[in-house]
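> I'd like to go over a predicted model; first the sequence, then the structure.
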Amino acid sequence: MKRHFIRIISGLAALFALLVTLGLGAAPAKAEATYQIATDSTFPPFEFANNKNKYVGIDIDLMHAIAKDQGFKVNMKPTSFNSAVQSVQSGQSDGVIAGMSITKEREATFDFSKPYFMSGVVMAAKPNGKITKLSQLRGKRVAVKTGTSGAQYAQSIHKKYGFRIVTFDESNDMYQDVLTGNSAACFEDSPVMKYAVRQGTKLKIYTKPTLNGPYGFGVKKGHNKKLLRMFNNGLADLKANGEYARITRRYLGAKGSSDTTSDRTFMGLIKQNKGALISGFKQTVWLTVVAIFFATLFGVIVGLLGVVPNKFFNGLSTTLIYIFRGLPLLVLALFIYTGIPSLTGQKIPAFIAGIITLMFNEGAYIAAFVKGGINAVDDGQMEAARSLGLPFGKAMRRVILPQGIRIMIPSFINQFIITLKDTSILSIIGIIELTQTGKIIIARNLEGFKVWTIVAIIYLIVITLLTWLSNWVQRRVRL
Amino acid sequence: MNEKIKVKVHNLIKTFGDNQVLKGINLEVHDNEVVVVIGPSGSGKSTFLRNLNRLEAPTSGSIVIDDMDIADPKANINKIRENIGMVFQHFNLFSNLSVSENIMLAPVELKKASKEKAAAQAKKLLAQVGLESKYNATVQSLSGGQQQRVAIARALAMNPDVMLFDEPTSALDPEMVGDVLAVMKQLAKQGMTMIVVTHEMGFAKEVADRVVFVEDGNIQEQGTPDEIFNHPKDPRLQSFLDKVLNV
């Protein structure tokens, strides 16, 4: 029996060691020569994926130009704005350039470069002219995007004008909320709003930009002083040699790099975004497969710990299931990706953080039904096996598990389907899987309805295939 | 029956929480002896039997089988159990295995036999219980009586010195009982040491060397079938026999 436990424990230890090596191995290797720069993935015209699925925008081009000018290397990491900001605070990234306004509040935790762009917040509403002034917002809802200067601006004036604030993670969702009439207006940085209107969003800008919008490149307060200095020097060089003007004109000039002329039918959208959708889909499948592997391993081990005749392991199993089944997946993902690194100072790549998240969460569910499946096998089976002289482990392996697994198979397949769907939540930590791909495409073309329809259908097709597979497997097992 | 003592139970006590189920049982079973344990429901008969191979751990006392104390927590219980066959009320055949696999599992897993030897032995044992045609059958396709006979064959496959039967016919339809009892009688005739908990008084009269009456966690009376059934002394035994024999 003792040896049995030791094997389980050493198995667990090996699993964690593997994950940690995967997690740590990827990070420090490049840190010497290349700076990790976090950015938003959906903030055109500052950063967005073009129709070749390549990240472009004022911030991206500027950062590359400055790096070239100053002779350093950058690795741009597009993620959501929030997670970009947090990844700098947790040390996952060295700097952030994401259309980020320099504010007093942010200066408490960031050191900013000299302003590289003067923006300002505008109010946009439906073009029917019902809402044209801030004073007409009394008693209405106003949409903003989390963590943006538009949100801060709304916060600063909402008492004065008497409106309620609703927050969104994505610009497109915010525009949609105004278009459907749920919100009366939205506040957005003026270049972003202009870009959206030019892309066909049926909103109109009614106010002049506020004057409080200098964008800055940020590093964690007290860190990366050299990087900040190089950024400032580079920016000065680019302004002097005309490169800066060329970059901003590329996106804000009369003939900006938009794709308003492209085909906006379903087929057209699929054709344009085929590459992005396929790579997002591949990422989703890869995440699912790897996550299922580790979650099954974790779940089976924890489930077995719940049925061995040992009070300590039973308690451990119950506790692990309680914690990881009790935590919302989203909270767990953010905790592992941004929470743990800010404590330990050790970076965790988003993919690894995502796998660890799914391993714990899905694994806890698997553990629960593994335990349940084994307990559902009649006690008499174990007694008969033990009465013949079979040790616990052999009785488990030859008699109980084969019967328990048969009971568990439907639950396993169900959990695999749930895992596939749950990978979409990992878009929050910036993994470019299918859902995040959808967000990115929408950020560029603002075709929310059509793109989400396409994404939903892709999910449904895969899940239908999985369900067929599961029915087939179950029929085979029944025999 | 010979004089060698095979099983020696001394002052066996078993409690579940506050409930003392066995209150100091003493019993000696000789080699080749067939002991039938009778008594009312809840008297502790089954618990007593389950202590003998430590499916329940004794609270105190000693159980010595072939010079090994089963009650000692340091005893290698798996090794000891190989020599004690057990047959359960609900058969407990392994439902994921076929009839022959049920019989071969323990001999092969515990390296007592090669696959070929175990298969030959399974065939022989199935013939002994009258089920040679069911070699490849699934457990689910058997009747209750057939399952119980396979269960007996499974227990015999480890060549045990002692066989424990825990109400082996209680879960069977009446017409199945005879076949199972016939197998048990044959086993007794071959000289197997057996301890049988049962309500089959006919079997006790015919096959038992000794009948033990258990009531209230203790042995109240024991003796030959003639002594127990024809000349019971203990009033509780008298009243028990009245109930079971006059139906």
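Arrived safely. Numbers count the residues shown, from 1 in each chain, chains lettered A, B, ... in the order given.
> Could you work out the end-to-end span of stretch B:165-173 for me?
End-to-end distance of stretch B:165-173: 18 Å, with Cα to Cα, to the nearest Å as the criterion.
> Can you give me the buried ones in that stretch?
Buried residues in stretch B:165-173, defined by neighbour count with 16 or more other Cβ atoms under 10 Å in any protein chain shown: B:Phe165, B:Asp166, B:Glu167, B:Pro168, B:Thr169, B:Leu172. Every residue, glycine included, has its C-beta placed from N, CA and C.
> give me the low-pLDDT residue ranges for the stretch 351-479 of chain A?
Low-confidence segments of the stretch 351-479 of chain A, defined by pLDDT under 70: A:478-479.
> Kindly report the residues of it close to chain B.
Contact residues (Cβ under 8 Å from any Cβ of the partner chain) of the stretch 351-479 of chain A with chain B: A:378, A:380-381, A:383-391, A:394, A:398-399, A:402-403, A:406.
> give me that answer again for 10 Å
Counting by Cβ under 10 Å from any Cβ of the partner chain, the residues of the stretch 351-479 of chain A close to chain B are A:377-392, A:394-395, A:397-406.
> Chain A now?
Counting by Cβ under 10 Å from any Cβ, the residues of chain A close to chain B are A:377-392, A:394-395, A:397-406.
> Identify the residues contacting the residue located most distally from the centre of chain B.
When distances are taken from the C-alpha mean of chain B, B:Glu116 lies farthest, 28.4 Å away, according to Cα atoms, centre = their mean. Listed by Cβ atoms under 10 Å, 6 or more residues apart in numbering or on different chains, B:Glu116 has no contact partners.
> before we move on, back to that, list only buried entries from the residues of the stretch 351-479 of chain A next to chain B.
Buried members of those, scored by 16+ other Cβ under 10 Å, are A:377, A:381-392, A:394-395, A:398-401, A:403-406.
> Where does the stretch 101-250 of chain A get nearest to chain B, residue-wise?
Among the residues of the stretch 101-250 of chain A, A:Asp169 lies closest to chain B, at 49.7 Å counting by Cβ to the nearest Cβ.
> hang on, that residue packs against A:Phe43?
No. In this structure A:Asp169 lies outside contact range of A:Phe43 using Cβ atoms under 10 Å: 11.7 Å.
> what residues do the two have in common as contacts?
A:Ser80, A:Phe81, A:Lys145.
> now, which of the residues you listed lie within helices?
Applying DSSP state H to the shared contacts of A:Asp169 and A:Phe43, the entries found in helices are A:Phe81.
> Now, of the shared contacts of A:Asp169 and A:Phe43, which are buried?
A:Ser80, A:Phe81, A:Lys145.
> Please report how far the last one lies from A:Asp189.
Note on A:Lys145: its distance to A:Asp189, by Cβ to Cβ, to the nearest Å, is 9 Å.
> list the residues that contact both of those two?
Taking Cβ under 10 Å, 6+ apart as the criterion, A:Lys145 and A:Asp189 both touch A:Phe43, A:Ser171.
> Just send the shared contacts of A:Asp169 and A:Phe43 back as TSV, with pLDDT too.
Putting the shared contacts of A:Asp169 and A:Phe43 into TSV (pLDDT from 0 to 100) gives the following:
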residue	pLDDT
A:Ser80	80
A:Phe81	82
A:Lys145	89
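> Leaving out sequence neighbours, find the closest residue to the residue of the stretch 101-250 of chain A closest to chain B.
A:Thr146 (5.7 Å; Cβ to Cβ, 6 or more residues apart in numbering or on different chains).
> wait, doesn't B:Asp234 sit right on B:Phe240?
Yes. With contact defined as Cβ under 10 Å, B:Asp234 reaches B:Phe240; the gap is 8.9 Å.
> Select the longest helix from chain B.
Looking across chain B with DSSP H, the single longest helix is helix B:174-189.
> what angle sits between the following helix or strand past it and helix B:174-189?
Later in the chain than helix B:174-189, the nearest helix or strand by DSSP states H and E is strand B:193-197. Put simply, strand B:193-197 runs at 150 degrees to helix B:174-189, going by axes from the mean of the first three to the mean of the last three Cα atoms, to 10 degrees.
> Strand B:193-197 pairs with which strands?
strand B:34-38 (parallel), strand B:162-166 (parallel) (DSSP bridges).
> Distance from the chain centre to the last one, please.
Between the centre of strand B:162-166 and the centre of its chain there are 2 Å (Cα atoms, centre = their mean, to the nearest Å).
> for it, what is the average pLDDT?
The average pLDDT for strand B:162-166 rounds to 96.
> B:Asp31 against B:Met194, yeah?
No. Look at B:Asp31 against B:Met194 with Cβ under 10 Å: they stay out of range, at 11.4 Å.
> Please enumerate the shared neighbours of those two.
B:Val162.
> ok, A:Thr419 - how many residues close by?
A count of neighbours around A:Thr419, defined by other Cβ atoms under 10 Å in any protein chain shown, yields 23.
> That should have said B:Ser133, apologies.
When neighbours are counted by other Cβ under 10 Å, B:Ser133 registers 10.
> does it count as helix, strand or coil?
Under the three-state scheme (DSSP: H, G, I helix; E, B strand; the rest coil), B:Ser133 adopts helix.
> B:Gly24 too?
strand.
> What strand or helix carries the residue nearest to it when sequence neighbours are not counted?
Nearest residue to B:Gly24, sequence neighbours excluded (Cβ to Cβ, 6+ apart): B:Asn11, at 4.9 Å. Element membership for B:Asn11 (DSSP H and E) is strand B:5-16.
> Output stretch A:301-320 as CSV, nothing but the C-alphas.
Output of stretch A:301-320 as CSV, limited to C-alpha atoms (Å, rounded to 0.1, in the frame of the first residue of the first chain):
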residue,chain,number,x,y,z
ILE,A,301,-4.8,11.1,-9.5
VAL,A,302,-6.9,13.3,-7.2
GLY,A,303,-10.0,11.1,-7.7
LEU,A,304,-8.0,8.0,-6.7
LEU,A,305,-6.6,9.8,-3.7
GLY,A,306,-10.3,10.2,-2.7
VAL,A,307,-10.9,6.4,-2.6
VAL,A,308,-7.7,4.9,-1.2
PRO,A,309,-8.1,3.8,2.4
ASN,A,310,-6.2,6.7,3.9
LYS,A,311,-7.9,9.6,5.7
PHE,A,312,-5.2,12.2,4.8
PHE,A,313,-5.3,11.5,1.1
ASN,A,314,-9.2,11.5,1.2
GLY,A,315,-9.1,14.9,2.9
LEU,A,316,-6.6,16.2,0.4
SER,A,317,-8.7,15.0,-2.5
THR,A,318,-11.9,16.6,-1.1
THR,A,319,-10.1,19.9,-0.5
LEU,A,320,-8.6,20.1,-3.9
